[in-house]
Structure formats: structure tokens, C-alpha cells
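> okay, sequence plus prediction incoming.
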Amino acid sequence: MRRGFSNLTPQSEEGDIDITPMLDVVFIMLIFFIVTASFVKESGIEVNRPDASTATTQSRANILIAINDLGEIWINKRKVEESQVRANIERMHAENPQGSVVIQADEEARTRLLVAVMDAARQAGVTDVSLATEER
């Protein structure tokens with residue numbers, strides 16, 4: 001009598017699909033899209049920018065500051081006081097030293113506040129300060 005061979009019925013082979021390579025490809029594609037995605041930065045509010053015929057597109061703007069007609073200053077969707085502008089710009093400039101500051105001032109904004117924000121940016125060490133306008 002043979003031992004160990006009592007169950008000699010042929011086993012049905014089921015085709016198991018190995019999905020590990022597919023998961024690897026999907027994971028790599030996910031990483032690729034996250035790394036190459038461009039994120040839109042917003043200042044936090046919409047302002048009516050003045051028109052200018054010499055307006056150009058700024059490609060490296062990473063610090064957006066908005067000044068509305070009520071005299072409010074917005075940075076990264078947060079309302080900040082005039083005394084806090086310099087500290088916020090210094091912190092954001094330390095994160096990306098090659099970036100520039102773009103001020104989006106409303107047509108009805110006070111010039112004094114605009115100049116104060118520009119001075120705060122320059123005191124924070126940012127030399128590339130621009131004013132956002134609409135193209136005609």
C-alpha cells in the first residue's frame with residue numbers, strides 16, 4: 001500500500017492573476033502626477049486690478065498679497081494686519097528664496113497701504129516686488 005498518494009485526483013488549476021506589477025505602475029504614476037502638478041496660489045480675495053497696457057506675466061510669483069478697497073491685507077487666504085506683513089513675507093521668502101512678491105491691489109485701495117506693503121517686502125529681503133494689473 002502506498003502512503004501519501006491516497007489522494008491522486010487531479011487538482012484543477014485556477015488562474016491567479018498577480019496584480020502587484022499593476023499596483024506598482026499605478027503608484028509610480030500617482031507619484032509622477034503629484035510631483036509635476038502645478039499648484040495655483042491665491043491671495044484669498046478677489047480684487048479689481050487696474051488696467052495697464054504694458055502688463056507682463058510673472059512666472060515665479062510665490063508670495064501673493066492682496067489689498068482690497070476696505071484697506072484689508074490678505075496673504076495665503078488669511079487676513080493680516082499691516083504690522084504682520086513683514087514677518088509673513090520673511091517666513092514665506094525663507095521657504096522659497098528665488099520667489100518674488102506680487103501685490104494685487106484694488107483700484108480703490110489707498111496708496112499709503114500699497115507703499116507700506118512694498119516697503120515691508122523690501123525690508124524682508126525681497127528685491128523682486130511687482131504690482132498685479134489687468135491687460136488691456
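Sure thing, it's come through. Quick caveat, the model's predicted, so the values are computed rather than measured.
> now do residue 73, the pLDDT please.
Here, the pLDDT recorded for residue 73 equals 93.
> try residue 97
84.
> and for the one 5 residues further on?
On pLDDT, residue 102 comes in at 88.
> who does the strand or helix carrying it pair up with?
According to DSSP states H and E, residue 102 maps onto strand 100-105. Strand pairing for strand 100-105, determined by DSSP bridges: strand 61-67 (parallel), strand 129-131 (parallel).
> what's the spacing between the shortest one and its chain's center?
Centroid displacement of strand 129-131 relative to its chain, using Cα atoms, centre = their mean, to the nearest Å, is 18 Å.
> in that strand, what counts as buried?
By 16 or more other Cβ atoms under 10 Å, the buried positions in strand 129-131 come out as residue 129. In this view, the C-beta of every residue, glycine as well, is placed from N, C-alpha and C.
> again with stretch 113-120
In stretch 113-120, counting by 16+ other Cβ under 10 Å, buried: 113-114, 116-118, 120.
> tell me the secondary structure at residue 127.
When classified by DSSP: H, G, I helix; E, B strand; the rest coil, residue 127 comes out as coil.
> that's a strand at residue 15, yeah?
No - under the criterion used here (three-state DSSP), residue 15 is coil, not part of a strand.
> so where's the protein shaky on pLDDT?
For the chain, applying pLDDT under 70 flags the ranges 1-14, 38-61, 136.
> walking through it, point out its helices one by one.
20-36, 85-95, 111-123 (DSSP state H).
> could you dump those helices to TSV with distance to residue 101?
Output for the helices of the chain, formatted as TSV (distance: least, Cβ to Cβ, whole Å):
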stretch	distance to residue 101
helix 20-36	25
helix 85-95	7
helix 111-123	5
